[in-house]
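**Q** Model the following, please.
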Amino acid sequence: MEYRNPSATADIIIERNNQILLIRRKHEPFKDMWALPGGFLEYGKETLEETAVRELNEETGLRIKLDDIEMFGIYSNPDRDPRGHVISHVYIARNFNGQPIANDDAIAVRFFQLGNLPELAFDHKKILGDYQSRKELKGGSR
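**A** Next comes the predicted model:
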């Protein structure tokens, strides 16, 4: 019997002053749309946490430490990515170094007010809606 397995990605939520860092995608799918920084796990080479750290740096130039991220949630709807069944592991980074600059798969990088986000790629509207709801349950901004 042959098994088909989903791909794994790591996305990362960076918040500053109630603003969320987003990248504008350079490539399809969702070319020119805004999304959380993130990308695919390099099979056999890294952990999901290392993927989140690497992708954030590649796409935005920001640097974070593994100790400064925490798991937020896992999003596994088979229809969330038109490239196939992709499971996203979403992390939150509390601290970061550097100034954001568009690199790699990003044509732009920018902070947006959490309550006034642009149209988002993939299921990132749901992810950030869940994030905002959790913040409100915990009593406000971080």
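**Q** C-alpha only now, for contacts and for neighbours.
**A** Noted.
**Q** Now for F111: which residues touch it?
**A** F111 makes contact with 16, 19-22 under the criterion Cα atoms under 8 Å, 6 or more residues apart in numbering.
**Q** Ok, I12 next?
**A** Shown in contact with I12 (Cα under 8 Å, 6+ apart): 36-38, 52, 56, 90-93.
**Q** redo that, cut-off 10 Å
**A** I12 is in contact with 21-22, 36-39, 49, 51-53, 55-56, 69-72, 88-93, counting by Cα atoms under 10 Å, 6 or more residues apart in numbering.
**Q** same deal with R83?
**A** 7, 28-29.
**Q** picking up where we left off before, any of the contacts of I12 buried? List them.
**A** Buried positions within those, assessed by neighbour count (16 or more other Cα atoms under 10 Å), are 21-22, 36-39, 49, 51-53, 55-56, 69, 72, 88-93.
**Q** so of these, which ones are in helices?
**A** The members of those that map onto helices under DSSP state H are 49, 51-53, 55-56.
**Q** Now for the residues you listed: which two are most distant?
**A** Using Cα to Cα, these span at most 10.9 Å, a distance reached by E49 and L56.
**Q** what sits in contact with each of the two?
**A** Common neighbours of E49 and L56 are listed as 10-12 (criterion: Cα under 10 Å, 6+ apart).
**Q** low pLDDT regions in this structure?
**A** Counting by pLDDT under 70, the chain shows low-confidence ranges at 140-142.
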